[in-house]
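Enquirer: Okay, sequence plus prediction incoming.
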Amino acid sequence: VWPGCEEEAILPLFDALNQQVYYFEVFNQGQKEFQCSVNADVSWVLPSASFLTVKTQERIYLDVNWKEVPEGYHKVEIEITGPGKLSIPVFMEVDNRLTLSQLPEKEFFLDMNGLVSMEAAHHMKAVDNEPVKWHEIPNLGRSGSSMLTLPVTTGPSKPGGDSPRMEYQFYARDTGLFVVSSYLSPTLNFHNDEGRSFAVSIDDETPLVVNMHKQSHELWDRWVSNNINVQNSVHHISKPGMHTLKCWRVDAGVVLQKIVIRKKGMIDPSYLGPPESIRITP
């Protein structure tokens, strides 16, 4: 809340690919209504109102006329001026360094602010290996459908090569360590006491095997009560651009609902996870 916060008032990144619209709110700390103005220092930023009367609280949306934005990265100041010459700057970061016309003509998920969210059933490729086949279970999931392999009586697979897997194409504009969160149905452990496993890899890295059952009984209780088991793995992306995430079948009985890729250190606090990212189709 400004004034009062020492940090700069800055909105999340606006970029030409996602073309986001964000907002801030002006609220009344007193009992009398007041008037305020909203002014951007560039003409291609479009506030939803430039002058308003605030009785309790008003929301101001900020849009961008992308046809007029110069190429490159820009930091724009929005000045909010209220009674008593009170002035509060709100900043926008606007990235116009990359447009859809510069991207490959293929199907992929687009990152937004270092995060990609994908429903499991929206894979670009599913590789079977007889007798193991991938199957979609409609509406089994918090926000979509789920994927699993059948038959469940088949023994484990070794990830890599032509082993059963699903592939997801995504575009990342950042580099470094990324956390892949796999949203799983809380399947019971069966066949043995070692737990059910799957594997995750990005591009040509060695698949990282993840055991979905090597946890405490308290966590199992939480998974069942929330009807979700989220398992994380950490991967390195060395260059920006197009990448392929592969989800490998290891054991039967692993039911995948959703995959979220986010830059390490980014907080993902929502109960259902972020909504699915924009999917570009040629």
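Expert: Looks like it came in fine. This one's a predicted model, so the numbers in the text were calculated from it and none came from an experiment. Residues are numbered from 1 along each chain as shown.
Enquirer: C-alpha only now, for contacts and for neighbours.
Expert: Will do.
Enquirer: what ranges of the protein fall below the confidence cut-off?
Expert: The chain contains residues with pLDDT under 70 at 191-193, 215, 268-269.
Enquirer: looking at it, residue 39 is touching residue 50, isn't it?
Expert: Yes - applying CA atoms under 8 Å, one finds residue 39 in contact with residue 50, separated by 6.4 Å.
Enquirer: more neighbours, these two?
Expert: The neighbour comparison of residue 39 against residue 50 (other CA atoms under 10 Å) goes to residue 39, with 18 against 13.
Enquirer: For that one, which three-state class applies?
Expert: strand (DSSP: H, G, I helix; E, B strand; the rest coil).
Enquirer: can you map out the helices along the stretch 51-200 of the chain?
Expert: For the stretch 51-200 of the chain, helices defined by DSSP state H, counting those that start in this stretch do not occur.
Enquirer: secondary structure element for residue 219?
Expert: Secondary structure assignment for residue 219, by DSSP states H and E: helix 217-226.
Enquirer: quick one: that helix to chain centroid distance?
Expert: Here helix 217-226 is found 24 Å from its chain centre; the criterion is CA atoms, centre = their mean, to the nearest Å.
Enquirer: Extract the CA atoms of it and return them as CSV.
Expert: The C-alpha trace of helix 217-226 is given here as CSV (Å, rounded to 0.1, in the frame of the first residue of the first chain):
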residue,chain,number,x,y,z
HIS,A,217,2.2,-40.6,6.7
GLU,A,218,1.3,-37.0,7.5
LEU,A,219,1.9,-36.0,3.9
TRP,A,220,-0.2,-38.8,2.7
ASP,A,221,-3.1,-37.6,4.9
ARG,A,222,-2.7,-34.2,3.3
TRP,A,223,-2.6,-35.5,-0.2
VAL,A,224,-5.8,-37.5,0.3
SER,A,225,-7.6,-34.6,2.0
ASN,A,226,-6.6,-32.2,-0.8
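Enquirer: Please list the outside residues in contact with that helix.
Expert: 186, 229 (CA atoms under 8 Å, 6 or more residues apart in numbering).
Enquirer: Identify each buried residue in that helix, please.
Expert: 220, 223 (16 or more other CA atoms under 10 Å).
Enquirer: Please apply the same query to stretch 170-188.
Expert: Buried residues in stretch 170-188 (16+ other CA under 10 Å): 170-174, 178-187.
Enquirer: try stretch 135-143
Expert: Quick answer for stretch 135-143 (16+ other CA under 10 Å): 135-137, 141-142.
Enquirer: Using TSV, lay out those residues together with distance to residue 105.
Expert: Formatted as TSV, the buried residues of stretch 135-143 follow (distance: CA to CA, whole Å):
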residue	distance to residue 105
135	28
136	27
137	30
141	30
142	31
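Enquirer: List the ones among those residues that fall in strands.
Expert: 135-137 (DSSP state E).
Enquirer: export those to CSV and tack on distance to residue 113?
Expert: As requested, these are exported to CSV (distance: CA to CA, whole Å):
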residue, distance to residue 113
135, 32
136, 30
137, 31
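Enquirer: still on that earlier bit, mark which of the buried residues of stretch 170-188 are part of strands, please.
Expert: 170-172, 178-184.
Enquirer: List just the nearest of those residues to residue 267.
Expert: Comparing those against residue 267 with CA to CA places residue 179 closest, at 10.6 Å.
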